[in-house]
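K.L.:
Below is the sequence, then the predicted model.
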Amino acid sequence: MDRVETVEKALRRIWSFSKALDLALIDEEVKKGLELEVGYRHGERVGYMAVRLGYILGLRGKDLIFLLVAALLHDIGAVGGFADYHGKPELMEYHSELGAEIFEKIFPHEGFAEVLRNHHKTPADGLDISLEAKIISLADKVDIIMGRNPISKEERAGICREIRLADGIEYYPEVTGAFLQLAEEEAFWLYMKEDDLLEPTAFMLLSDSNGQFYSDYRYVAELMYSDAITDKLAETFAFLIDQKSSYTGKHSRTVAENACLLAEGLGWDAEKCREIKLAGLLHDLGKLAVPKKILDKPEPLGEEEFQIVKIHTFHTYNLLSMARFSKNIVEWASYHHERLDGTGYPFRKSANTLSTGARLMAIADIFTALTEDRPYRRAISRERAMVILEKNAGTWVDRELLEVARRKLL
Ligand SMILES: [Fe+2]
Ligand SMILES: [Fe+2]
Ligand SMILES: [Fe+2]
């Protein structure tokens, strides 16, 4: 893999996890009745703006990439409560601290945690914080002020005026200066209306003329694309998905464990076992986009609500393929609601196109779900769950794999 390709892959991976967080914010917007006005693509937009500001302020190479990663994931501590977490000062503090703790686990050797901890600080707090935190603090607020409608020339001037007025109180002066410089550029405002900010960001980073970026590429690839970081990202997102609903407490992690047991039962090698574990951890990634009130609903879901739930595996597919996970991981994770008889969703796969890994994941998912409490029923016993699966052998799930499941899961 050449170095440009390596860096692009690393960026895609982190960008895709940022998109997953942004999907979780959509849930919050729905809750507030805002119809996706503000939260939509918040992380991506803050990421793009932060890189532009960081560049003006002299950050280069890996410093610029760190800034991007922190900006893309800055609200990682706010999943499941974006609106609440940003409404009250004490919760503002709480989600920043939680984000810092999460970052400390994923990227233990970097100063990342500080950036997340301070992303809502202002000069009025009188603290000495990093330049990265100051940049994100401004980009975050500007993204909210901007909203999602096209912005007229007058509105642009209004935003700049507002920022100038609050300079030194809400905004850190060096960042205010950089923003006002950026705001002069017509293209900046045009980009903020674009759907795809990854391409311009990647292009900017990759074409950095001073060459420092290239000297850092190995480091970046190591950091973002390494097995160690990938495993930690998957564990973290499994936790975020599971904690969204009180009923799915450890669902993703248990599916991953059960899938590993089945893979062992099939005699798979270590590499394939790792892939099935990652697929298990991330299989419900798209659930971040399903409103909590639907996930927790005790009554049967209405047709429209069920349609919303069904989209989750579609999101899982798009996010994982964008993140350039292997074909195995993408498919094993995303096909867990497909059925052998073609009645599953969302791709309507059937026996001739469902691989062993996908069949295995479907069994791990159904078995795990049946043995967990749900808002509308209590957990059922492992033995009984197996009987239910066996009733659907050949139509929904694979008969031979159920024999492995009997051996390994009971
Ligand atoms: Fe925040
Ligand atoms: Fe934010
Ligand atoms: Fe699912």
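P.N.:
Great, that's in hand. Residues are numbered from 1 along each chain as shown. Ligands and ions are numbered 1, 2, ... in the order given.

K.L.:
residues contacting the residue nearest to Val69 when sequence neighbours are not counted?
P.N.:
Using Cβ to Cβ, 6 or more residues apart in numbering and skipping the chain neighbours, the partner closest in space to Val69 is Ile14 (5.5 Å). Where you see a C-beta, it was placed from the backbone N, CA and C, and this is true even at glycine. Neighbour list for Ile14: 68-69, 72-73, 224 [criterion: Cβ atoms under 8 Å, 6 or more residues apart in numbering].

K.L.:
What strand or helix carries Ile14?
P.N.:
Using DSSP states H and E, the element containing Ile14 is helix 3-32.

K.L.:
same thing with Leu354?
P.N.:
Under DSSP H and E, no helix or strand contains Leu354.

K.L.:
Compute the distance between it and Asp341, please.
P.N.:
Noted for Leu354: a distance of 11 Å to Asp341, by Cβ to Cβ, to the nearest Å.

K.L.:
Then Leu206?
P.N.:
When distance is defined by Cβ to Cβ, Leu206 is 47 Å away from Asp341.

K.L.:
Show me which residues of this protein are close to ligand 2?
P.N.:
Residues of the chain lying close to ligand 2 (Cβ under 5 Å from the ion) are 75, 140.

K.L.:
rerun at 8 Å
P.N.:
Within reach of ligand 2 by Cβ under 8 Å from the ion, the chain has these residues: 42-43, 46, 74-75, 78, 86, 119-120, 136, 140, 143-144.

K.L.:
So which of those sits lowest on pLDDT?
P.N.:
Taking the residues of the chain next to ligand 2 together, the minimum pLDDT is found at His86 (74).

K.L.:
Would you confirm that that residue contacts Glu93?
P.N.:
No. Look at His86 against Glu93 with Cβ atoms under 8 Å: they stay out of range, at 11.2 Å.

K.L.:
Give me the more crowded residue out of these two.
P.N.:
Shown here are His86 and Glu93; by other Cβ atoms under 10 Å, His86 has more neighbours (19 against 14).

K.L.:
show me what contacts that one?
P.N.:
For His86, the contacting residues are 78, 92, 95, by Cβ under 8 Å, 6+ apart.

K.L.:
Among those, the buried ones, what's the ChimeraX command?
P.N.:
ChimeraX command restricting the contacts of His86 to the buried ones, with burial defined by 16 or more other Cβ atoms under 10 Å:
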select :78,92,95
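
K.L.:
So which of the contacts of His86 belong to helices?
P.N.:
92, 95 (DSSP state H).

K.L.:
what's the closest of the contacts of His86 to Pro375?
P.N.:
Pro375 has its nearest neighbour among these in Ala78, at 23.6 Å by Cβ to Cβ.

K.L.:
quick one: that closest one from Arg407, how far?
P.N.:
43 Å.

K.L.:
can you check Arg399 too?
P.N.:
Plainly put, Arg399 is 14 Å away from Arg407 if you go by Cβ to Cβ.

K.L.:
One more: Ala270?
P.N.:
Distance of Ala270 to Arg407, computed by Cβ to Cβ: 20 Å.

K.L.:
cool, His283 as well?
P.N.:
Going from His283 to Arg407 by Cβ to Cβ gives 22 Å.

K.L.:
just Gly267 next, same as before
P.N.:
The gap separating Gly267 from Arg407 is 12 Å, by Cβ to Cβ.

K.L.:
now swap in Val69 and tell me
P.N.:
43 Å.

K.L.:
so Leu68 touches Glu44, yeah?
P.N.:
No. Counting by Cβ under 8 Å, Leu68 does not reach Glu44; the two are 10.4 Å apart.

K.L.:
Among the two, which residue is more densely surrounded?
P.N.:
Taking neighbours as other Cβ under 10 Å, Leu68 and Glu44 compare with Leu68 leading, 25 against 22.

K.L.:
ok, now which ones touch that one?
P.N.:
Applying Cβ under 8 Å, 6+ apart, we find Leu68 in contact with 11, 14, 47, 50-51, 54, 201, 205.

K.L.:
ok, 7 Å please
P.N.:
The contact partners of Leu68, by Cβ atoms under 7 Å, 6 or more residues apart in numbering, come to 47, 50-51, 201.

K.L.:
Tell me where the model's unsure across the protein.
P.N.:
Counting by pLDDT under 70, the chain has low-confidence residues at 1-3, 26-39, 82-83, 208-215, 218.

K.L.:
before we move on, back to that, neighbour count: Ala270 and Arg407, which is higher?
P.N.:
Taking neighbours as other Cβ under 10 Å, Ala270 and Arg407 compare with Arg407 leading, 11 against 7.

K.L.:
domain assignment for this structure?
P.N.:
Structural domains annotated on the chain: 3-224, 227-409, as defined by automatic domain parsing.

K.L.:
ok, which stretches of the stretch 151-300 of the chain are helices?
P.N.:
Taking DSSP state H, counting those that start in this stretch as the test, the helices found in the stretch 151-300 of the chain are 153-165, 173-183, 186-191, 198-206, 212-225, 227-244, 251-265, 270-282, 292-295.

K.L.:
Which elements pack onto the shortest one?
P.N.:
Put plainly, it is helix 292-295. The contact analysis (3 or more Cβ pairs under 7 Å, 6 or more residues apart in numbering; DSSP states H and E) places helix 292-295 against helix 303-322.

K.L.:
between the helix it packs on and helix 270-282, how big is the angle?
P.N.:
With axes from the mean of the first three to the mean of the last three Cα atoms, to 10 degrees defining the directions, helix 303-322 sits at 140 degrees from helix 270-282.

K.L.:
moving C-terminal of helix 303-322, what's the next helix or strand?
P.N.:
helix 327-334.

K.L.:
and that following helix with helix 251-265, angle?
P.N.:
Here helix 327-334 runs at an angle of 130 degrees relative to helix 251-265 (the same axes, to 10 degrees).

K.L.:
Quick check: buried residues in helix 327-334?
P.N.:
In helix 327-334, counting by 16+ other Cβ under 10 Å, buried: 328-334.
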